[in-house]
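>>> here's a sequence, model it:
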Amino acid sequence: MNTPQNGYPVQQYQGPVKRYCQTLDLRDNPELIAEYRKRHSKEHAWKEIIAGIREVGILEMEIYLLGTRLFMIVETPLDFEWDSAMARLSTLPRQAEWEDYMAEFQLVKEGLSSAEKWQLMERIFHLY
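Model prediction:
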């Protein structure tokens, strides 16, 4: 069973990939956080959003939660260009609607794109 204590399996790829890490804070409200989790479940995530993520070249995306802090890991091919992919993602069907749909849970201003809400994080250590 996948749990924080047991770990989470990682997708295998035929070659190396790049990883981007981002963070975002949610409003400190247990009911809102529960609804945010629900909207990201397989049953409730919008198919157009999942398709758009894949369409811009993202191979894998994971979101982790601790209290009100979200942490996102994005894996892409080595030739992935972050800024152009995020600009394209923001124009895809229902993406702006999804961002507005999620904004009520997030400590962000309304009307922002995903790239404007989620803050890229700097890696300060790795064990390779």
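>>> in the chain, which spans are helices?
Counting by DSSP state H, the chain has helices at residues 30-39, 47-55, 82-89, 95-103, 114-117.
>>> how about the longest one: buried residues?
Taking 16 or more other C-beta atoms under 10 Å as the neighbour-count basis, helix 30-39 is seen to contain the buried residues Ile33, Tyr36. Where C-beta positions appear, they are placed from N, C-alpha and C, glycine not excepted.
>>> what pLDDT, on average, does it get?
The average pLDDT for helix 30-39 rounds to 98.
>>> tell me the angle of that helix relative to helix 95-103?
With axes from the mean of the first three to the mean of the last three C-alpha atoms, to 10 degrees applied, the angle from helix 30-39 to helix 95-103 works out at 150 degrees.
>>> run through the residues that contact Val74.
Arg19, Tyr20, Cys21, Gln22, Ile58, Glu60, Met61 (C-beta atoms under 8 Å, 6 or more residues apart in numbering).
>>> show me what it is bridged to.
Beta-bridge partners of Val74, counted by DSSP bridges, are Tyr20, Met61.
>>> for it, give its distance to Leu66.
Counting by C-beta to C-beta, to the nearest Å, the gap from Val74 to Leu66 is 18 Å.
>>> could you do Gly7 as well?
Distance from Gly7 to Leu66, counting by C-beta to C-beta: 16 Å.
>>> also Gln22?
For Gln22 relative to Leu66 (C-beta to C-beta), the value is 14 Å.
>>> more neighbours: which of these two?
The neighbour comparison of Gln22 against Leu66 (other C-beta atoms under 10 Å) goes to Gln22, with 18 against 8.
>>> so that one sits against Gln119, correct?
Yes. Using C-beta atoms under 8 Å, Gln22 is in contact with Gln119, at 6.0 Å.
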